[in-house]
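1. generate a structure from the sequence data that follows.
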Amino acid sequence: MSTFDPAALECLAAIVEEGGFERAARRLNITQSAVSQRLRALEAQVGSVLIVRSRPLKPTSAGQLLLKHTKQLRLLRADLERDLQDLMPSGRGGGREEERIAIAINADSIATWAVDALGDLVRQRLPLEIIADDQDFTQEWLRSGQVMGCVTTLKSALRGCRMVPLGAMQYVAVAAPELARRQLPQGLTAHNFRDVPFVSFNRKDDMQAEFVTRTFGLKRVSLSRVFVPSSEGQVRAVAAGWGVSVVPELLARPWLQQGRLVDLAPGHTLPIQLYWHSWNLESEVLDALADALTSAAAQYLSA
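-> All right, here's what the predicted structure looks like:
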């Protein structure tokens, strides 16, 4: 089996992660010509094109395999860094910029509990990169080899991966008090949900429709929506009177306690089960990530 040049592999990863040759060159502190040369040499060794020159740039199937291999090498180096940490002088350690440990987490978890969960690891100099996506789509980052683990709603473990249940995040329907008094005096019902716009994270976000269908026993609904691609931004938009939204109770709680939001369907929540998936490898770093996330989830999420 061929041995691949680690510098060339990191060059491939930089092109994909940065979205272009120029930015990859800046990250690696080499010329753009050197980036192209390293990629061509790697493609010649593999005997296949590794990057599709589209907008945005995308790895081919062979490129995805090498990208996953590169991230596995990063994981091995991160494990070694942890093993050597006690032997290194104070202030030393930590991975290089190009050796980030990437994981995918849904935006609502980032906004509520996941940052607290990972704080100790970051303070220990773990070179972490968190990629945000919808909880129904984070597993695609893991499936393609672009991340080493993900928080997702997918219950079944992907091939070559392991899965740990985290718990359920509870979602509630909220609105600003004035909007609720003016347009929804009886709260949210099966007869008036079409009378107000819903604030969604993005076009992939089906949380609003799922809450309405489950709460009122409907098969399918069509909602009027506006989009705010930020969990905190959704709450702020709702408090400003933009419309109704279904958001994590953890995020809405202080706003509800302060009277800046009202619960439109008291006693009704939408539980979303979350799971941690990661590569099935013996790794202190992956074990530490799993331990940190499961410990925090036990504190913040429902069993």
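2. the residue nearest to Leu154 when sequence neighbours are not counted: how many residues sit nearby?
-> For Leu154, the nearest residue in space outside its immediate sequence neighbours is Gln139; the separation is 4.7 Å by Cβ to Cβ, 6 or more residues apart in numbering. C-beta: built from backbone N, CA, C; applies to glycine. A count of neighbours around Gln139, defined by other Cβ atoms under 10 Å, yields 23.
3. again, but for Ile110
-> Residues lying near Ile110 (other Cβ under 10 Å) number 17.
4. against Val151, how distant is it?
-> Taking Cβ to Cβ, to the nearest Å as the criterion, Ile110 is separated from Val151 by 9 Å.
5. pick out the residue closest to the middle of this protein.
-> The centroid of the chain falls nearest to Ile105 when counting by Cα atoms, centre = their mean (2.4 Å).
6. next up, the contacts around that one.
-> The contact partners of Ile105, taken as Cβ atoms under 8 Å, 6 or more residues apart in numbering, are Ala114, Ile130, Ile131, Ala132, Thr138, Cys150, Val151.
7. out of those, which is nearest to Gly20?
-> Nearest to Gly20 among the contacts of Ile105 is Ile131, at 17.6 Å by Cβ to Cβ.
8. ok, now how distant is that closest one from Val228?
-> Remark: distance between Ile131 and Val228 (Cβ to Cβ) = 19 Å.
9. these two - which one has more neighbours?
-> The neighbour comparison of Ile131 against Val228 (other Cβ under 10 Å) goes to Val228, with 20 against 15.
10. that one contacts Ala239, correct?
-> No: in this structure Val228 lies outside contact range of Ala239 using Cβ atoms under 8 Å: 11.7 Å.
11. quick one: contacts of the helix or strand encompassing Cys150?
-> Assignment of secondary structure by DSSP states H and E places Cys150 within strand 149-152. Strand 149-152 has contacts (Cβ under 8 Å, 6+ apart) with 103-106, 109, 114, 135-136, 138-139, 141-142, 166, 274-279, 286, 289-290, 293.
12. repeat that with 6 Å
-> When contacts are taken as Cβ atoms under 6 Å, 6 or more residues apart in numbering, the neighbours of strand 149-152 outside the stretch itself are 103-106, 109, 135, 138-139, 141-142, 274-278, 289.
13. tell me the helix or strand right after that strand.
-> Of the helices and strands lying after strand 149-152 in sequence (DSSP H and E), the nearest is strand 161-175.
14. circling back: separate out the buried members of the contacts of Ile105.
-> Neighbour counting over the contacts of Ile105 (16 or more other Cβ atoms under 10 Å) leaves Ala114, Ile130, Ala132, Thr138, Cys150, Val151 as the buried ones.
15. give the bridge partners for the last one, please.
-> Read that as Val151. For Val151, the residues forming beta bridges with it (DSSP bridges) are Trp276.
16. so what pLDDT did it get?
-> Val151 carries a pLDDT value of 96.
17. any idea how far Leu9 is from it?
-> Relative to Leu9, and taking Cβ to Cβ, Val151 is found at 27 Å.
18. with the fourth one instead?
-> With distances defined as Cβ to Cβ, the gap from Thr138 to Leu9 amounts to 24 Å.
19. same question, the second one
-> As defined by Cβ to Cβ, Ile130 lies at a distance of 22 Å from Leu9.
20. how near is Ala8 to Val262?
-> Summarising the geometry, the distance separating Ala8 from Val262, computed by Cβ to Cβ, is 57 Å.
21. tell me which of the contacts of strand 149-152 fall in strands.
-> With strands identified by DSSP state E, the entries of the contacts of strand 149-152 that belong to them are Ile103, Ala104, Ile105, Asn106, Leu274, Tyr275, Trp276, His277, Ser278.
22. walk me through the domains of this protein.
-> Under the assignment automatic domain parsing, the domains of the chain span 1-80, 169-272.
23. got those as a markdown table, with mean pLDDT and distance to Leu126 columns?
-> Output for the domains of the chain, formatted as a markdown table (pLDDT from 0 to 100; distance: least, Cβ to Cβ, whole Å):
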| stretch | mean pLDDT | distance to Leu126 |
| --- | --- | --- |
| domain 1-80 | 88 | 7 |
| domain 169-272 | 96 | 24 |
